[in-house]
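Novice: coordinates for the following, if possible.
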Amino acid sequence: MDVIRSVLDFLPAQMRDPVFFAIPFFLVLLTLEWVAAHRLERTEAAQRAPAGAFDRRDAWTSISMGLVSIGTTAGWKLLALFGYAAIYAYLAPWHLPGNQWYTWVIAILGVDLLFYTYHRIAHRVRLIWATHQAHHSSEYYNFATALRQKWNNSGEIVAWIPLPLLGIPPWLVFAAFSVNLIYQFWVHTEHIDKLWRPIEFIFNTPSHHRVHHGRDQLYLDRNYGGILIVWDRMFGTFQPEVFRPHYGLTKPVDTFNIWKLQTHEYVAIARDVRRARRLRDRLGYVLGPPGWEPAEMAGSQSAY
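Specialist: Numbers count the residues shown, from 1 in each chain. I've put the predicted structure just below:
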């Protein structure tokens with residue numbers, strides 16, 4: 001933690017990512033959940049992983065992917081900063097004050113709505129799904145899974161462009177997304193059941209997000225919300241949890257190699273494009289939904 005503090009000391013106060021300050025909180029929750037899971041595994045006999053279970057290799061894979069993502073995300077944000085600054089300075093019709101509460105509300109709600117939009121697209125456009133699928137690759141669902149983050153944030157960077165265009169300071173765009181990311185950490189657990197109904201109606205909760213990580217047919221492409229679940233209710237993608245999900249990809253990758261987990265879908269896209277004979281089929285393999293196949297190859301299963 002001293003290393004993190006020394007790095008943050010070199011950054012302007014407004015550019016210090018709140019995610020760094022949340023790391024101790026993440027570690028405490030990970031430890032508590034691991035202890036609870038360890039006790040459950042001693043008392044539960046199950047054909048598959050008991051609810052809330054940890055697999056040491058799987059957890060370390062998730063944590064490793066998260067550590068790498070800290071660096072890759074910082075790189076993407078640095079690139080975005082120049083573009084956002086230009087949009088904010090030259091194109092925004094007004095500049096909202098970053099020290100006012102309403103600007104923070106607009107930024108947090110704006111990030112959450114754009115996250116829902118991007119997240120939904122990421123599940124329906126295979127090229128973008130290739131960046132996101134690594135987060136869904138674990139067959140366990142716990143706080144470590146929350147750290148299994150993608151390394152390619154280019155889609156999100158593009159998705160946030162409306163915010164500086166609306167006059168939100170670029171540093172506040174990044175801060176609002178960090179708040180969104182921190183919130184989503186706690187919903188990755190099986191140790192929290194359904195909450196008070198008004199909370200379940202408005203906010204994304206562990207129950208809602210368990211559905212999102214399920215590979216069961218009923219749960220596919222549902223519950224995209226980050227902080228708020230009302231977007232899913234408004235736009236028809238909400239699904240309540242009615243049974244414990246089976247987690248992971250519908251076609252498991254079966255590896256703990258973090259490089260393969262991040263890149264295997266790009267390799268699969270390239271393979272499909274190479275074997276396609278028509279331009280429309282090549283475009284379909286890249287821009288169609290995961291699992292898309294030409295009409296004459298009907299009956300194929302989803303790729304995730």
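Novice: Val187 in helix, strand or coil?
Specialist: Here Val187 is coil, with the state taken from DSSP: H, G, I helix; E, B strand; the rest coil.
Novice: excluding its backbone neighbours, what's nearest it?
Specialist: Nearest residue to Val187 in three dimensions, chain neighbours excluded: His209, at 4.1 Å (Cβ to Cβ, 6 or more residues apart in numbering). Yep, even glycine has a C-beta here, placed from its N, CA and C like the rest.
Novice: residues in contact with the one you found?
Specialist: Neighbouring residues of His209 by Cβ atoms under 8 Å, 6 or more residues apart in numbering: Gln184, Val187, His188, Asn223.
Novice: nearest residue to the first one other than its sequence neighbours?
Specialist: With Cβ to Cβ, 6+ apart as the measure, Gly226 is the residue that lies nearest to Gln184, at 5.8 Å, once sequence neighbours are left out.
Novice: just to revisit the earlier point, could you say which helix or strand holds the residue nearest to Val187?
Specialist: Per DSSP states H and E, His209 falls inside helix 206-213.
Novice: and after that helix, which helix or strand comes next?
Specialist: By DSSP H and E, the next helix or strand past helix 206-213 is helix 230-235.
Novice: in the stretch 51-200 of the chain, where is pLDDT below threshold?
Specialist: 51-53 (pLDDT under 70).
Novice: sorry, that was for the stretch 201-304 of the chain
Specialist: Residues of the stretch 201-304 of the chain that meet the cut-off, pLDDT under 70, sit at 298-304.
Novice: report the contact partners of Pro164.
Specialist: Neighbouring residues of Pro164 by Cβ under 8 Å, 6+ apart: Tyr84, Ala85, Ile87, Tyr88, Ala92, Pro170, Val173.
Novice: in helices, which of those residues appear?
Specialist: If you go by DSSP state H, the contacts of Pro164 have Tyr84, Ala85, Ile87, Tyr88, Pro170, Val173 in helices.
Novice: now render those residues as JSON lines, adding distance to Ala74 and neighbour count.
Specialist: Formatted as JSON lines, the ones in helices among the contacts of Pro164 follow (distance: Cβ to Cβ, whole Å; neighbours: other Cβ atoms under 10 Å):
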{"residue": "Tyr84", "distance to Ala74": "15", "neighbour count": "24"}
{"residue": "Ala85", "distance to Ala74": "16", "neighbour count": "14"}
{"residue": "Ile87", "distance to Ala74": "20", "neighbour count": "18"}
{"residue": "Tyr88", "distance to Ala74": "20", "neighbour count": "22"}
{"residue": "Pro170", "distance to Ala74": "14", "neighbour count": "24"}
{"residue": "Val173", "distance to Ala74": "15", "neighbour count": "26"}
